[in-house]
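Novice: Structure for this input, please:
(chains A, B, C and D)
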2 protein chains.
Amino acid sequence: MNNYVEILKSSGLKATLQRLTILELIDRDGHIKIDELYKKMNTTHPTLSLATIYKNILTMIDKSVVSEVPIMGDKSYFELKKRDHIHLICESCNSIEDRVMSSIDMELLKQSNQFILSHSQVNLYGTCSKCQS
Amino acid sequence: MNNYVEILKSSGLKATLQRLTILELIDRDGHIKIDELYKKMNTTHPTLSLATIYKNILTMIDKSVVSEVPIMGDKSYFELKKRDHIHLICESCNSIEDRVMSSIDMELLKQSNQFILSHSQVNLYGTCSKCQS
DNA sequence: CTGACTGCAAACGTTTTGCACGGTA
DNA sequence: TACCGTGCAAAACGTTTGCAGTCAG
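Specialist: Coordinates of the predicted model:
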């Protein structure tokens, strides 16, 4: 848990019990939606409010502690900020698996039968050529 | 416009004026959000209701005529279903550019300076190994 | 002619906000 | 102690629903 304290402090955020709890739950699940987070939280910390979760998710995204994983036909999931990776999203059981792989390996994945690919969604965020000038 | 009539009919949907209007506006913009769609629609077809847009977007996604583009920190955009492509999303002007490229070319993009990459989001939808059995 | 589709208005669920209180640093 | 963060309740917002009327095939 000390780990999260460091992360928060170095991001200029206070290490409150609420934030530590949120981070621990996100980490345990890997990827979690707000309502799932709230339900799990309610069992151990019944007083922690939904508004606090929303406020903290926003501020922690802003500070790059957490990142949003928007999903087709579903609410966004949230995960701890980590190095670039791919999400393998199973449309049958709704599981989300992280995979660290190079672009070239993606072709291999398509050809292998470990994960039957239905469709892909690649979004690259950055600055377009117009906005660079 | 005849093109859309064909697409709708071959998907088992009736080619109503409302659907044709929605498809034309999506196509014209490339990627559009529901509220933008409604605003533009309102100028030319003031009686077309928001509920109709929502219902139609859902059914047309279901029939693979349209697809959803979920975006970090924003509402989903919608586009016509087309062959696999990458989205270059400018965080400055919020433009979305389509780019058809192989996985290997992605590496080239990162190295080039045409689009300064801030972060990427790759979601692959399909069936995981567990759910295949 | 019939089932699919539309428009309206109400209902619903999710997210945001304002404010008084509480806790971290 | 000062300020950031929390909890509550209300408000705002986006989306869905039910139903009566309409239209495409």
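
Novice: For the nearest residue to residue A:96 once chain neighbours are set aside, give me its contacts.
Specialist: Using CB to CB, 6 or more residues apart in numbering or on different chains and skipping residues adjacent in sequence, the residue nearest residue A:96 is residue A:31, 4.5 Å away. Where C-beta positions appear, they are placed from N, C-alpha and C, glycine not excepted. Neighbouring residues of residue A:31 by CB atoms under 8 Å, 6 or more residues apart in numbering or on different chains: A:69, A:77, A:78, A:79, A:87, A:96.

Novice: please redo it, this time with the cut-off set to 7 Å
Specialist: A:69, A:77, A:79, A:96 (CB atoms under 7 Å, 6 or more residues apart in numbering or on different chains).

Novice: Low-confidence stretches in chain A?
Specialist: A:1-2, A:103-106 (pLDDT under 70).

Novice: how about the residues of it that lie near DNA strand D?
Specialist: Residues of chain A lying near DNA strand D by CB under 7 Å from any atom of the strand: A:13-14, A:16, A:18-19, A:45, A:47-49, A:51-52, A:55-56, A:59.

Novice: Pick out whichever of those sits closest to residue B:117.
Specialist: residue A:59 (24.8 Å; CB to CB).

Novice: I'd like to know how far that closest one sits from residue B:68.
Specialist: 27 Å (CB to CB, to the nearest Å).

Novice: Which residue of the two possesses the greater neighbour count?
Specialist: residue B:68 (18 against 15; other CB atoms under 10 Å in any protein chain shown).

Novice: Verify the stated contact: the more buried one with residue B:79.
Specialist: No - Residue B:68 is not in contact with residue B:79 according to CB atoms under 7 Å; the separation is 8.3 Å.

Novice: which parts of stretch A:120-133 are buried?
Specialist: A:120, A:121, A:122, A:123, A:124, A:125, A:126, A:127, A:128 (16 or more other CB atoms under 10 Å in any protein chain shown).

Novice: Where do the helices of chain A begin and end?
Specialist: A:2-10, A:17-29, A:34-44, A:50-62, A:103-111 (DSSP state H).

Novice: Next, find the distance separating the residue lying closest to residue A:98 once chain neighbours are set aside from DNA strand C.
Specialist: Using CB to CB, 6+ apart and skipping the chain neighbours, the partner closest in space to residue A:98 is residue A:85 (4.7 Å). For residue A:85, the distance to DNA strand C equals 23 Å [CB to the nearest atom of the strand, to the nearest Å].

Novice: right, and residue A:85 touches residue A:102 too?
Specialist: No - contact status for residue A:85 versus residue A:102: not in contact, 11.2 Å apart, counting by CB under 7 Å.

Novice: What parts of chain A come near chain B?
Specialist: Contact residues (CB under 7 Å from any CB of the partner chain) of chain A with chain B: A:68, A:70-73, A:84, A:86-93, A:95, A:97, A:103-104, A:106-107, A:114-132.

Novice: Which ones among those residues map onto strands?
Specialist: A:68, A:86-90, A:97, A:116-127 (DSSP state E).

Novice: Tell me which residues touch the spatially most central residue of chain A, please.
Specialist: By CA atoms, centre = their mean, chain A has its centre lying nearest to residue A:79, at 2.0 Å. Contact analysis of residue A:79 by CB under 7 Å, 6+ apart lists A:26, A:30, A:31, A:67, A:69.

Novice: go on, residue A:94?
Specialist: Applying CB under 7 Å, 6+ apart, no residues qualify as near residue A:94.

Novice: beta partners for residue A:127?
Specialist: With DSSP bridges as the criterion, residue A:127 is bridged to residue B:116.

Novice: Distance check, it against residue B:33.
Specialist: 21 Å.

Novice: next one: residue A:12
Specialist: 32 Å.

Novice: hmm, back to that, spatially, which two of the contacts of residue A:31 are the most separated?
Specialist: The farthest-apart pair in the contacts of residue A:31, when distances are taken by CB to CB, is A:79 and A:96, at 8.5 Å.

Novice: Thanks a lot, catch you later.
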